[in-house]
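Trainee: this one's sequence-less:
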């Protein structure tokens, strides 16, 4: 056991980066598979929990395709658990040097069984729309945490705040809040619509048409704020922030197009599913934007140390050059008589 523990990484390696990326991808992927469960009417494909039936943990042929879809989604939880355990092992020996990575891996790992329990409660409550909505919100939170994990793994610990105009950081915070409101209203909108996950599942009873309009308002506000942030990043030469904002803008444009299309076309299942996955992608991109407004320690401290080492090296070379010239001058004076003629 000690030999195996000793083989675990103590610094960021490609294996650590791979598990961090896998964590983020898997958290977004399970949103897609969960959406497929709901949009195919398979929410009660396994009518109980934690078993699939009273007598079996797996779906049976009699349950048809809906049972297969729901059971496959449950199986993906074990993939998430495996990735979470792997991520924990990748950073456990760095818990003193990189405590933020250790904490993130633990919280994400604990979030997975919590998510499974909420999913089970949604089945036991016959897909109560508010429990199902909470299930999605927790997924979005785990996506955000996984994004922070990837960012810290690739770019280093949190450092000092980037020097910005007084309006820029509040605008970024405002856009993030607007996005959060958009997602929450979207959850309520879905809970009032036709895609309940099962024909007998209840809806929340809210006005779906009104909620669609309310859902769009903070979305357009988020888009407008993102455009302003991108323009500001361009003027302020915030290279990293600008790249993340460009990604955020691209996802927002696609999301707006999909949202308008699904409303006009009567909420087709495929578009609703894409809309759900894109909302988590938006949360991830917005998280990266906010994180980029601070230097990472590898840039602020390590980069400064590296630059200082270069300066010290240059100074040493200058000193050596001055010393060499002094030696040459002294040697020339010894070979030259006082009358100025050579020997």
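Mentor: Right, received. Where do you want to start? Source: prediction; values computed, not measured.

Trainee: return the backbone torsion pair for residue 160.
Mentor: phi -80, psi 160 (degrees, to the nearest 10).

Trainee: what's the neighbour count on it?
Mentor: Counted with other C-beta atoms under 10 Å, the neighbours of residue 160 add up to 12. Yep, even glycine has a C-beta here, placed from its N, CA and C like the rest.

Trainee: and what of the one 10 residues further on?
Mentor: A total of 10 residues lie near residue 170 under the criterion other C-beta under 10 Å.

Trainee: tell me how far the helix or strand hosting it lies from the chain's centre.
Mentor: Assigned by DSSP states H and E, residue 170 belongs to helix 168-192. Distance of helix 168-192 from its chain centroid, counting by C-alpha atoms, centre = their mean, to the nearest Å, is 16 Å.

Trainee: residue 56 in helix, strand or coil?
Mentor: State at residue 56, reduced to three classes by DSSP: H, G, I helix; E, B strand; the rest coil: coil.

Trainee: same check on residue 295?
Mentor: strand.

Trainee: quick check: phi and psi on the spatially closest residue to it that is not a sequence neighbour?
Mentor: Closest residue in space to residue 295, ignoring its immediate chain neighbours: residue 159 at 3.8 Å, by C-beta to C-beta, 6 or more residues apart in numbering. Note on residue 159: its backbone torsions stand at phi -120, psi -150 [degrees, to the nearest 10].

Trainee: what residues does stretch 191-210 touch?
Mentor: With contacts defined as C-beta atoms under 8 Å, 6 or more residues apart in numbering, stretch 191-210 is touched by 37-39, 41-44, 126-130, 132-133, 188-189, 211, 267, 269, 272.

Trainee: check which residues of it are buried.
Mentor: By neighbour count on 16 or more other C-beta atoms under 10 Å, the buried set for stretch 191-210 is 191-193, 195-198, 201, 204, 208.

Trainee: relative to residue 53, which of the residues you listed is nearest.
Mentor: residue 198 (15.7 Å; C-beta to C-beta).

Trainee: which helix or which strand is home to the closest one?
Mentor: Per DSSP H and E, residue 198 falls between elements, in no helix or strand.

Trainee: so what does it have for phi and psi?
Mentor: Torsion angles, degrees, to the nearest 10, at residue 198: phi -170, psi 150.

Trainee: what's the local residue count around the closest residue to residue 69 other than its chain neighbours?
Mentor: Take residue 69 and drop its neighbours on the chain: the residue closest to it by C-beta to C-beta, 6+ apart is residue 42, 4.1 Å away. Counted with other C-beta under 10 Å, residues neighbouring residue 42 total 23.

Trainee: now do the one 4 residues further on
Mentor: When neighbours are defined as other C-beta under 10 Å, residue 46 has 28 of them.

Trainee: go on, residue 283?
Mentor: Using other C-beta under 10 Å: residue 283 sits among 23 other residues.

Trainee: ok, it touching residue 183?
Mentor: Yes: between residue 283 and residue 183 there is a contact under C-beta atoms under 8 Å: 6.9 Å.

Trainee: specify the local secondary structure of the spatially closest residue to residue 49 that is not a sequence neighbour.
Mentor: Spatial nearest neighbour of residue 49, chain neighbours left out: residue 120 (3.5 Å); criterion: C-beta to C-beta, 6+ apart. Secondary structure state of residue 120, per three-state DSSP, is helix.

Trainee: ok, now how distant is residue 120 from residue 21?
Mentor: 28 Å (C-beta to C-beta, to the nearest Å).

Trainee: before we move on, back to that, which of the buried residues of stretch 191-210 lies closest to residue 13?
Mentor: For the buried residues of stretch 191-210, the nearest to residue 13 is residue 197 (41.3 Å; C-beta to C-beta).

Trainee: check what pLDDT the closest one gets.
Mentor: Note on residue 197: pLDDT of 79.

Trainee: also residue 311?
Mentor: For residue 311, the pLDDT comes out at 34.

Trainee: do the same with residue 42
Mentor: Per-residue pLDDT puts residue 42 at 89.

Trainee: that one reaches residue 70, doesn't it?
Mentor: Yes: look at residue 42 against residue 70 with C-beta under 8 Å: they come within range, at 4.7 Å.

Trainee: which residue ranges of the stretch 101-250 of the chain form strands?
Mentor: Applying DSSP state E, counting those that start in this stretch to the stretch 101-250 of the chain gives strands spanning 158-161.

Trainee: mind showing which ranges of it have poor pLDDT?
Mentor: Low-confidence segments of the stretch 101-250 of the chain (pLDDT under 70): none present.

Trainee: measure residue 44 to residue 138 for me?
Mentor: Counting by C-beta to C-beta, the separation of residue 44 from residue 138 is 20 Å.

Trainee: what do you get for residue 218?
Mentor: Computed as C-beta to C-beta, the residue 218 to residue 138 distance reads 20 Å.

Trainee: so which of these two has more stuff around it?
Mentor: residue 218 (20 against 16).

Trainee: tell me the contacts of the more buried one?
Mentor: Per C-beta under 8 Å, 6+ apart, neighbours of residue 218: 178-179, 181-182, 185.

Trainee: now the helices for this protein?
Mentor: Counting by DSSP state H, the chain has helices at residues 2-6, 14-39, 64-91, 99-124, 129-155, 168-192, 208-236, 239-264, 269-291, 297, 303-335.

Trainee: can you tell me which residues contact the closest residue to residue 249 other than its chain neighbours?
Mentor: Once flanking residues are discounted, residue 249 sits nearest to residue 226: 5.5 Å by C-beta to C-beta, 6+ apart. Contacts for residue 226 (C-beta under 8 Å, 6+ apart) come out as 175, 245, 248-249, 252.
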